[in-house]
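Novice: generate coordinates for the sequence data below:
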Amino acid sequence: MEKGKLAEVLNFFDQVELNQFNNVSYINNDYSLGKNIAINSPTNPIAENARFDIVFFAVNNNLNTDPNNKPQLNSIREELYRLSKFSSGVRIADLGNLRTGQNMNECLFALQEVCNLLLHQQTTIIVIGGDQLLSLGTFRSLKEYENNINLAHIDSHIDLAVSNETASESDYLNHLIENEAANLYNITCMAYQSYFTSGKQLKILGENYFDHYRLGVLRNDLSLAEPVLRDADVASFDISALRMTDAPAQSDGSPNGLYADEACQLTRYAGLSNRLKIFGIYNIEPKLDINKQTAKLAAQMLWYFIEGFMHRKNDEPNKTSDNCTKYEVQIDEIDFPIVFYKNEQTNRWWIEVSAINIDKTVNEKLLVASTEADYHMACQGEIPDRWWINFKKMK
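Specialist: Below you'll find the model as predicted:
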């Protein structure tokens, strides 16, 4: 990192107190992740001129209260440190615990500032713990870099109030839609459970041309999430998206939800995304954990995110055309062909969406992550939803 920048970032953090760990077995294992990453601790602080590809840090659920909660947050670190290291030279750091301030506004400001400084250094960021409202801070940090920000919201609920009477601080999607519209392009809600969802919430998403995939749809075909996460700038994963039996550290869990292995697959998709800059796991309640089951799962989810990051491919058609095949499909309902691209090496697909002027000339083009199923749908004469929604937005 540029000299001085990391020092400015570290001022926002309390260091990791390793003497509060219950298990430090990773120290004697040269192949453990904890032995091969930089940990911002009192005995071995991170150098001010260090450079990192990925950093992660924790946010206390109880803002500036309950100091005894910090060791509980360390349970995720303990499990993560014990996992296997990666063979590549990816540089990873644990920055510590964010100093949250006295209230949520101060916490959001600190988070926004930290993420902004790290994004300047092209560092990918992982946020652990805290209320999902923290996604507001991560979103705002991106506004300097993106005018059209895509958010992937993974949760058993759609955090969207339908009236002023029911609005609460945690309904952060309202904040994004109402106050951040100039920079917001898309929200995709995934893994929500229908009995927690109202028709009005889905109507609001539809009116804004936002996507949504209920739990049953994703469980039937988890690969539907891959293009969503490939196009996301920030992903917000509420632990309540998981079954309570798989992740018991939830204050309001459900017997239904994603399975542990499905959650790991989703985080790997997120890590694979060339575009995604910030990933967060939220609403983990360490005091409710049973046998560290949620801590173990959260650590494995983060491991899979990093593993996905290591396998990122710059395979977009606009970056390289050597391995891409272009397909044009004519559909009777529209006057111009729908264009698809397929990278023959990675087997990933994109669909090109064009804004058309009155004289039928192209005004703007947008490349959207797609699937082979979208291509086959177009070949059958049907307009893919992914193309149609983005076309309406561009109009």
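Novice: low-confidence regions, the stretch 101-250 of the chain specifically.
Specialist: Along the stretch 101-250 of the chain, the model assigns pLDDT under 70 to residues 164-169.
Novice: the helices in it, which residues?
Specialist: Along the stretch 101-250 of the chain, the stretches classed as helices by DSSP state H, counting those that start in this stretch are 104-120, 135-141, 172-179, 199-207, 215-220, 225-230.
Novice: other SSEs contacting the second one?
Specialist: Looking back up the chat, that one is helix 135-141. Contacts defined by 3 or more CB pairs under 8 Å, 6 or more residues apart in numbering; DSSP states H and E place helix 135-141 against helix 104-120, strand 149-154, helix 172-179, strand 234-238, strand 278-282. C-betas here are computed from N, CA, C, even on glycine.
Novice: what's the domain layout of this protein?
Specialist: Under automatic domain parsing, the residue ranges defining each domain of the chain are 5-310, 324-394.
Novice: follow-up on the earlier one: which one of the helices and strands packed on helix 135-141 lies closest to residue 304?
Specialist: If you check each of those against residue 304 by CB to CB, strand 278-282 wins as the nearest, at 10.9 Å.
Novice: now do the phi/psi pair for residue 145.
Specialist: Dihedral pair for residue 145: phi -110, psi -30, per degrees, to the nearest 10.
Novice: these two touch, right, it and residue 119?
Specialist: Yes - when contacts are counted by CB atoms under 8 Å, residue 145 is listed as touching residue 119 (6.2 Å).
Novice: joint contacts of those two?
Specialist: Jointly contacting residue 145 and residue 119 under the rule CB atoms under 8 Å, 6 or more residues apart in numbering are residue 277.
Novice: higher neighbour count, those two?
Specialist: Taking neighbours as other CB atoms under 10 Å, residue 145 and residue 119 compare with residue 119 leading, 19 against 14.
Novice: skipping its backbone neighbours, what lies nearest the most centrally placed residue in the chain in space?
Specialist: Closest residue to the average C-alpha location of the chain: residue 235 at 1.8 Å, with CA atoms, centre = their mean. Distances taken as CB to CB, 6 or more residues apart in numbering put residue 152 closest to residue 235, at 4.3 Å, once the chain neighbours are dropped.
Novice: any idea how far residue 12 is from that neighbour?
Specialist: 25 Å (CB to CB, to the nearest Å).
Novice: okay, these two: which has more neighbours?
Specialist: A direct count of neighbours by other CB under 10 Å for residue 152 and residue 12 places residue 152 higher, at 27 against 19.
Novice: tell me who's in contact with the more buried one.
Specialist: Listed by CB under 8 Å, 6+ apart, the contact set of residue 152 reads 188, 190, 225, 228, 229, 232, 234, 235, 236, 270.
Novice: biggest separation within those residues, which pair?
Specialist: The two members of those with the most space between them (CB to CB) are 225 and 234, at 15.0 Å.
Novice: for the contacts of residue 152, which one is nearest residue 39?
Specialist: residue 270 (23.2 Å).
Novice: and for the closest one, the neighbour number?
Specialist: Neighbours of residue 270 (other CB under 10 Å): 28.
Novice: residues in contact with it?
Specialist: When contacts are counted by CB under 8 Å, 6+ apart, residue 270 touches 152, 229, 232, 235, 276, 279, 305, 308.
Novice: now do the last one, the pLDDT please.
Specialist: To tie it back to what came earlier, the one meant is residue 308. On pLDDT, residue 308 comes in at 97.
Novice: just to be sure, residue 7 is in a helix?
Specialist: Yes - in this structure, residue 7 lies within a helix as judged by DSSP: H, G, I helix; E, B strand; the rest coil.
Novice: was I right to think it contacts residue 48?
Specialist: Yes - between residue 7 and residue 48 there is a contact under CB under 8 Å: 4.2 Å.
Novice: circling back to that earlier point, how about the residue nearest to the centre of the chain, what does it touch?
Specialist: Contacts for residue 235 (CB under 8 Å, 6+ apart) come out as 151, 152, 154, 229, 270, 276, 278, 279, 280.
Novice: swap the cut-off to 7 Å and go again
Specialist: Residue 235 sits next to 152, 154, 229, 270, 276, 279 when contact means CB atoms under 7 Å, 6 or more residues apart in numbering.
Novice: which two in these are spaced the farthest apart?
Specialist: The most distant members of the contacts of residue 235, if one measures by CB to CB, are 154 and 276, lying 12.6 Å apart.
Novice: between these two, which has more neighbouring residues?
Specialist: Taking neighbours as other CB under 10 Å, residue 154 and residue 276 compare with residue 154 leading, 30 against 25.
Novice: my guess is that one contacts residue 190, does it?
Specialist: Yes - at 4.9 Å, residue 154 and residue 190 qualify as touching, with contact defined as CB atoms under 7 Å.
Novice: how much space between residue 46 and residue 53?
Specialist: To residue 53, residue 46 is 14 Å away according to CB to CB.
Novice: more neighbours, these two?
Specialist: residue 46 (23 against 17).
Novice: quick check, pLDDT for the residue nearest to that one when sequence neighbours are not counted.
Specialist: Leaving out its chain neighbours, the residue that sits closest to residue 46 by CB to CB, 6+ apart is residue 40, at 4.6 Å. At residue 40, the model reports a pLDDT of 96.
Novice: dump the residue contacts of residue 40.
Specialist: Counted by CB under 7 Å, 6+ apart, residue 40 has contacts 10, 13, 15, 16, 46, 93, 94, 95, 96.
Novice: equivalent analysis for residue 264, please.
Specialist: Neighbour list for residue 264: 300, 301, 304 [criterion: CB under 7 Å, 6+ apart].
Novice: could you confirm it falls within a strand?
Specialist: No - assigned with three-state DSSP, residue 264 falls outside any strand and is helix.
Novice: how near is it to residue 244?
Specialist: 17 Å.
Novice: one more: residue 93?
Specialist: Counting by CB to CB - residue 93 and residue 244 are separated by 32 Å.
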